[in-house]
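In: Build me a model from this:
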Amino acid sequence: MERRTIGAAALEVGAIGLGCMPMSWAYTGSQQRGDRSLRTVHAALDAGANLLDTADMYGPFTNELLLGRVLKERRADAFVSTKVGLLVGDQHIVANGRPGYVRRACDASLRRLGTDVIDLYQLHRADPEVPVEETWGAMADLVSAGKVRALGLCAVGARASRRPGAGPSELYAGTIRQLERVQQVFPVSAVEAELSVWSPEALSALLPWCEAHGVGFLAAMPLGNGFLTGTLTPGGGFEPDDLRARHPRFTAEMMAANQPLVVGLRRIAERHGAATTPAQVALAWVLGQGRHVVPVPGAKRERWAVENAAASGLGLTTRDVAEIAGLPPARGSWD
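Out: As a prediction, this is how the structure comes out:
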């Protein structure tokens, strides 16, 4: 697989990573099986998708423990990204950015992962009760202590704080202000935020900011929570614990309305051969947004992890890119 170098710390990773959250959190609990997830992680590593993206809140804790079982055998093959800053309670999630908590949480993640160092430690959410500089300073101390190699900021939840009626360029305005503040404390190596064919808002301001500042961009949900794979049936329904059961774009009506996106991706895939899938076209589009961009599609089955990794070898033509640009914007949103 192609390798990409991201951030001031010159972190080298496979061009496509593996989002591990679906194995333990937020997606169809009845399909979460430990042994199958272990095989999926091994398959991703075998394919060169070495960036394993997790968080202490996934489970909570169980996803890091699962990865620890793989890392026990293959630590040298993996690039480990985990997150801090969110606590999971009964029916609620709260932010905690207190320096003492950050230090304790890092030690706990290291124990669960069974490793001496975390390659990329990301702030999952800023705590509104704690100046972000204090949280980031505690994370920087972990780098000095040798427990962490580089720091990142996760902006996946930015949509929740978006002002009603705000345009795409305003979606990440708050995130950029945070980045500029923490950059004064310690270099940001990577930002993780949503980017896909049906959620391209990061292209307006956040992605250019990262490129201008030498910051890597980890594209979360590059397959649109599975919609862009073309494997979901409108009206098929989701289990109550699946986040898509509450997502405005996953009602039967909106899934049907957004089918032209899948049809367009499938048409492009067919031009590249029978083995090419809409998901691979969607990932190739994300890869084409810059050399500092690394899509991190979630997967909990070997088949999907291997298929996603193969997208790194798919080159889109000028015609392909133009067709994707001409697809209708997605309908339905969090707003």
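In: and M255, how many residues sit next to it?
Out: 21 (other Cβ atoms under 10 Å). Where you see a C-beta, it was placed from the backbone N, CA and C, and this is true even at glycine.
In: That one in helix, strand or coil?
Out: When classified by DSSP: H, G, I helix; E, B strand; the rest coil, M255 comes out as helix.
In: Can you pull out the low-pLDDT segments for the stretch 101-250 of the chain?
Out: 157-166, 169 (pLDDT under 70).
In: all strands for it, in order.
Out: 118-123, 148-154, 190-194, 216-220 (DSSP state E, counting those that start in this stretch).
In: which other helices and strands contact the second one?
Out: Contact partners of strand 148-154 among helices and strands, from 3 or more Cβ pairs under 8 Å, 6 or more residues apart in numbering; DSSP states H and E: strand 118-123, helix 132-144, helix 173-182, strand 190-194, strand 216-220.
In: Direction included, what does it pair up with?
Out: Here strand 148-154 is paired, per DSSP bridges, with strand 118-123 (parallel), strand 190-194 (parallel).
In: Out of these, flag the one nearest P200.
Out: Closest of these to P200 is strand 190-194, at 9.3 Å (criterion: Cβ to Cβ).
In: Specify the angle between the closest one and strand 216-220 in degrees.
Out: 30 degrees (axes from the mean of the first three to the mean of the last three Cα atoms, to 10 degrees).
In: Just the CA coordinates for strand 190-194, please, in CSV.
Out: Listed next in CSV are the C-alpha coordinates belonging to strand 190-194 (Å, rounded to 0.1, in the frame of the first residue of the first chain):
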residue,chain,number,x,y,z
ALA,A,190,-3.3,15.4,12.8
VAL,A,191,-6.9,16.5,12.8
GLU,A,192,-9.7,13.9,12.5
ALA,A,193,-12.9,15.0,11.0
GLU,A,194,-15.7,13.8,8.7
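In: got the contact list for it?
Out: 6-7, 11, 53, 81, 120, 122, 150, 152-156, 158-159, 172, 175, 179, 201-202, 206, 210, 215-221, 296 (Cβ atoms under 8 Å, 6 or more residues apart in numbering).
In: mind giving me CSV with the helices and strands packed on strand 148-154 and columns for mean neighbour count and distance to Q280?
Out: Below are those laid out as CSV (neighbours: other Cβ atoms under 10 Å; distance: least, Cβ to Cβ, whole Å):
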stretch, mean neighbour count, distance to Q280
strand 118-123, 25, 25
helix 132-144, 19, 35
helix 173-182, 17, 29
strand 190-194, 26, 19
strand 216-220, 27, 15
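In: now the ones you listed in TSV, with distance to K300?
Out: Converted to TSV, these look like this (distance: least, Cβ to Cβ, whole Å):
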stretch	distance to K300
strand 118-123	21
helix 132-144	29
helix 173-182	28
strand 190-194	19
strand 216-220	16
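In: For T318, which of the ones you listed is the nearest?
Out: Once the helices and strands packed on strand 148-154 are compared by Cβ to Cβ, strand 216-220 is nearest, at 21.7 Å.
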